[in-house]
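> model the structure of this input:
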Amino acid sequence: MTVDYVDVVIVGAGLSGIGAACHLSEKCPGKSYAILESRDAMGGTWDLFRYPGIRSDSDMHTLGYNFKPWIAEKAIADGPSILQYIKDAAAEHGVDDHIRYRHKVRKASWSSREATWTIETENSASGEIATIHCGFIQMCSGYYSYENGYLPEFRGREQFRGDIVHPQDWPDDLDYAGKRVVVIGSGATAMTLIPEMAKTSAHVTMVQRSPTYVVSLPDKDWIANFLRKILPEKAAYAITRWKNITLQQFIYRRSRRAPEKLKKQLLKMTRKELGPDYDIDRHFTPTYNPWDQRLCVVPNSDLFDAIRSAKASVVTEEIERFTADGLLLKSGEQIPADIIVTATGLDLLILGGTRIVVDDKPIDFAETFSYKAMMFSDVPNLVSTFGYINASWTLKADLTAEYTCRLINHMDETGTRQCTPRLRGSDRDMPARTWIKDFSSGYMQRKMHLLPKQGNHWPWTNTQDYALDKKLIRDADIADGILEFTNPAPDSLSKSRTNNAA
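Got it, this is the predicted structure:
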């Protein structure tokens with residue numbers, strides 16, 4: 001019987017997983033690898049979500065990979081364009097041939113004796129169980145459940161006679177032309193849906209419990225488009241990327257140092273969009289400071305245009321219950337609807353829901369400390385990708401993929417098969433803090449207790465600071481006295497092996 005073995009398993013064929021595979025194929029060309037994808041298509045978020053107007057609220061010069069320039073005219077891109085970008089990257093690096101679709105990873109067990117992970121997968125269509133072995137795991141499965149979105153309990157939901165739709169499960173045949181639509185929620189998804197649905201619906205009402213900061217930006221970056229005309233693509237991309245990262249970090253740091261000033265500036269911009277008679281205080285003034293939750297970006301003022309034209313409106317009030325014909329609010333106001341869209345968020349999932357076992361001991365990640373925000377104390381040969389909440393996801397994904405390649409190459413150079421982050425004696429008394437501080441979004445707060453802890457000093461902190469991470473991760477030595485390198489490789493063990501057992 002042939003044992004299915006590869007050097008590295010990458011879990012997830014979305015933006016992070018494809019990027020990790022591209023980095024691995026370039027920087028560790030001798031390593032065999034497989035990408036395990038639970039669905040039947042690559043692209044992750046950008047293939048899963050099909051709701052009207054699906055787009056990114058991060059610019060593609062920072063959401064794009066550091067090795068593949070974004071050359072389209074629009075910097076705030078639609079979902080299909082981003083999906084094609086991912087597919088192009090996979091094809092250019094020969095990554096698509098390594099994807100095993102419909103392989104849902106259920107369990108991964110590490111054996112220090114064998115220096116091997118045993119991964120149990122389930123075919124998402126047939127239910128068939130399969131096993132694959134590897135020396136290293138890169139978890140790129142995202143941060144939320146692909147099976148279901150988050151849906152609060154709404155009283156009277158069963159009484160509503162129209163369609164109730166969650167953006168994560170958008171039906172292909174939903175016809176909203178000429179219909180009265182209610183969108184529950186005020187996050188990025190709601191901000192995307194409303195102007196798009198308002199084009200053909202009778203009216204769209206956004207019902208929010210509390211407001212969100214909303215900023216309008218042009219979907220085209222004229223500086224990037226100009227630079228591409230006068231410079232080589234890679235040079236133009238690098239300059240634009242640096243410009244946008246610098247601006248992102250400036251705004252975030254300003255939100256920490258002078259939140260009231262930034263708040264005043266953001267609200268001034270909103271008043272300019274909607275006019276002096278609009279109730280900005282009620283509908284667009286959050287109770288929290290900027291960047292305590294993500295800012296919502298709308299391209300070319302499309303949300304504000306929909307409101308100004310009376311094709312859309314905003315209601316800020318708690319919902320009492322669903323009725324047969326719409327919503328009853330706690331104020332007593334009734335909102336009529338033919339379709340209700342529950343843009344109520346995501347259901348956070350740790351490591352794609354994979355059960356992790358190390359030497360027969362199940363791992364509770366809430367009891368671990370996060371090492372460089374990508375590995376976990378006492379969990380060997382596993383790196384997990386989790387992007388920034390205050391900048392583009394891929395900035396951290398690229399750093400994580402680069403680090404993983406350096407780590408794998410270091411193990412080869414030192415002849416070791418196991419690397420494990422270990423708390424030193426001086427680390428054991430450090431205070432345990434939540435993995436992400438000062439971020440109040442509901443999808444995080446609901447599951448924060450399940451995430452690993454962070455300490456109060458490096459490398460046990462989650463900096464959420466790209467400029468700092470570049471110095472601490474990209475430029476730092478792999479052997480830092482905290483990563484423990486053990487399990488010497490026998491001379492007879494080749495770098496890429498295929499085991500045969502009778």
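> low pLDDT regions in the stretch 201-350 of the chain?
In the prediction, the stretch 201-350 of the chain carries no residues with pLDDT under 70.
> need the helices for it, in chain order.
222-230, 233-257, 259-274, 280-283, 302-308 (DSSP state H, counting those that start in this stretch).
> need the ones you listed in CSV with mean neighbour count and distance to Asp475, can you?
Where you see a C-beta, it was placed from the backbone N, CA and C, and this is true even at glycine. Shown next, in CSV, are the helices of the stretch 201-350 of the chain (neighbours: other C-beta atoms under 10 Å; distance: least, C-beta to C-beta, whole Å):
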stretch, mean neighbour count, distance to Asp475
helix 222-230, 14, 27
helix 233-257, 16, 16
helix 259-274, 15, 30
helix 280-283, 15, 44
helix 302-308, 21, 41
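> out of those helices, which gets nearest to Ala432?
Minimum separation from Ala432 across the helices of the stretch 201-350 of the chain (C-beta to C-beta) falls at helix 233-257, 22.2 Å.
> which residues does the closest one contact?
59, 61-62, 64, 66, 69-71, 221, 223-224, 227-228, 230-231, 261-262, 289-291, 390-392, 395, 438, 465-467 (C-beta atoms under 8 Å, 6 or more residues apart in numbering).
> so which of the helices of the stretch 201-350 of the chain comes closest to Lys372?
Comparing the helices of the stretch 201-350 of the chain by C-beta to C-beta, helix 233-257 comes nearest, at 19.0 Å.
> any idea how far that closest one is from the chain center?
What separates the centre of helix 233-257 from the centre of its chain is 19 Å, taken as C-alpha atoms, centre = their mean, to the nearest Å.
> what sits up against the lowest-mean-pLDDT helix or strand in the chain?
The weakest-scoring helix or strand in the chain, judged by mean pLDDT, DSSP states H and E, is helix 442-445 (a mean of 71). Helix 442-445 is contacted from outside by Tyr144, Tyr150, Gly345, Leu346, Asp347, Leu348, Ile389, Ile436, using C-beta under 8 Å, 6+ apart.
> what sits against the fourth one?
Spelled out, that is Leu346. Per C-beta under 8 Å, 6+ apart, neighbours of Leu346: Tyr143, Tyr144, Ser145, Gly149, Tyr150, Gln168, Tyr443.
> where's the dip in pLDDT among these?
When the contacts of Leu346 are sorted by pLDDT, the bottom entry is Tyr443 at 67.
> what about Trp110, which SS state?
strand (DSSP: H, G, I helix; E, B strand; the rest coil).
> is the residue nearest to it when sequence neighbours are not counted bridged to anything, and to what?
Sequence neighbours aside, Val358 is the residue nearest to Trp110 in space, at 4.7 Å (criterion: C-beta to C-beta, 6 or more residues apart in numbering). Assessed by DSSP bridges, Val358 has beta-bridge partners Trp110, Lys361.
> any idea how far Trp435 is from Val358?
20 Å (C-beta to C-beta, to the nearest Å).
> just Lys261 next, same as before
29 Å.
> looks like Thr385 contacts Met374 (just checking).
Yes. Assessed by C-beta atoms under 8 Å, Thr385 is found in contact with Met374 at 7.1 Å.
> so between those two, which is more surrounded?
Thr385 (30 against 25; other C-beta atoms under 10 Å).
> ok, the more buried one - contacts?
Ser16, Ala20, Gln138, Met139, Cys140, Met374, Lys396, Ala397, Thr400, Ala401.
> what residues are up against the closest residue to the fourth one other than its chain neighbours?
Going back to what we said before, that points to Met139. Distances taken as C-beta to C-beta, 6+ apart place Ser384 nearest to Met139, at 4.1 Å, with adjacent residues excluded. By C-beta under 8 Å, 6+ apart, Ser384 lies in contact with Gln138, Met139, Leu351, Met374, Met375, Phe376, Thr400.
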